[in-house]
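Asks: Next input, structure requested:
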Amino acid sequence: ADYVTRLLTLFALDTSMKIRDMALGEKRKLAIVTAFMHDPDILILDEPTSGLDPVMQEVFIEFIRSEKKRGKTILMSSHMFHEVDAVCDRIAIIKEGRIAADFSANELKELKQRIYKVSFETERDYLRFTGNDFLFTNQDPKQMTVRFMVDMDGLNRMIPILSGLNVLDISEVPYTLEDHFMKFYREEDEAQEEPGDDIEVQGGVS
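Replies: Coordinates of the predicted model:
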């Protein structure tokens with residue numbers, strides 16, 4: 001009873017409402033409370049924060065972290081990279097019904113990939129740089145700004161190229177699960193020479 005009361009308070013769920021009168025966000029909170037109310041040891045959650053507002057998404061993330069400390073095992077499918085990154089110990093990328101990549105959260109943090117954002121002074125500088133074969137994750141010709149991914153070899157190659165161009169600003173951006181996902185997506189497409197589809201991320205908490 002105390003655990004259920006905690007869930008209702010944590011997710012601010014109004015139990016006096018009829019389900020048919022609930023908004024999508026309220027129904028999603030009800031689903032979460034219902035899944036956890038019997039305090040199971042193992043849970044399988046499919047897009048658990050879909051329909052929740054940003055505040056409740058953060059409440060959910062903190063709740064999952066606390067349940068993890070209590071010893072629960074949770075399998076979660078989600079397209080919300082930040083929540084998978086925030087709570088999962090092991091992450092899998094599923095493509096066309098098969099596990100295409102499987103790695104631990106610690107492995108992701110130890111990867112030597114780096115993300116840089118660079119702004120150029122002129123269109124000529126911008127075009128000269130984008131003519132190189134770096135793995136660009138974003139190109140903005142109007143702002144003459146690029147975002148790209150490099151490993152240590154790429155970093156050593158990047159420095160002399162930029163030294164010959166007029167650069168307004170350069171900054172390193174944290175490498176995230178979304179960056180890793182997009183890198184994997186592009187590498188898969190290049191290997192298959194055709195667009196990939198139906199890719200999702202699944203994570204495990206234990």
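Asks: Past the helix or strand where residue 139 lies, which element shows up next along the chain?
Replies: Taking DSSP states H and E as the criterion, residue 139 maps to strand 135-140. With elements assigned by DSSP H and E, the helix or strand that comes after strand 135-140 is strand 145-150.
Asks: What helices and strands are in contact with that following strand?
Replies: strand 114-120, helix 123-130, strand 135-140 (3 or more C-beta pairs under 8 Å, 6 or more residues apart in numbering; DSSP states H and E). Heads up, the C-betas are built off the backbone N, CA and C, glycines and all.
Asks: just checking, which of those sits deepest inside the structure?
Replies: With neighbours taken as mean count of other C-beta atoms under 10 Å, the helices and strands packed on strand 145-150 reach their highest mean count in strand 114-120, at a mean of 18.
Asks: ok, so what distance separates the spatially most central residue of the chain from residue 74?
Replies: The centre of the chain sits closest to residue 81, judged by C-alpha atoms, centre = their mean, with a distance of 1.6 Å. Using C-beta to C-beta, to the nearest Å, we find residue 81 at a distance of 17 Å from residue 74.
Asks: same deal with residue 116?
Replies: 35 Å.
Asks: export the helices and strands packed on strand 145-150 to TSV and tack on mean pLDDT?
Replies: Converted to TSV, the helices and strands packed on strand 145-150 look like this (pLDDT from 0 to 100):
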stretch	mean pLDDT
strand 114-120	92
helix 123-130	96
strand 135-140	88
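Asks: remind me which residues of the chain are low pLDDT?
Replies: Where the chain drops to pLDDT under 70, the residues are 108-112, 175, 179-180, 182-206.
Asks: now the strands for it?
Replies: Under the criterion DSSP state E, strands of the chain are mapped to 42-46, 73-78, 90-95, 98-104, 114-120, 135-140, 145-150, 167-173, 199-205.
Asks: and the fourth one, which residues are buried?
Replies: Translated: strand 98-104. Within strand 98-104, the residues that count as buried by 16 or more other C-beta atoms under 10 Å are residue 101.
Asks: Could you spell out the sheet neighbours of that strand, each with its direction?
Replies: Sheet pairing of strand 98-104 (DSSP bridges) gives strand 90-95 (antiparallel).
Asks: How about the second one?
Replies: For strand 73-78, the paired strands and their directions (DSSP bridges) are strand 42-46 (parallel), strand 199-205 (antiparallel).
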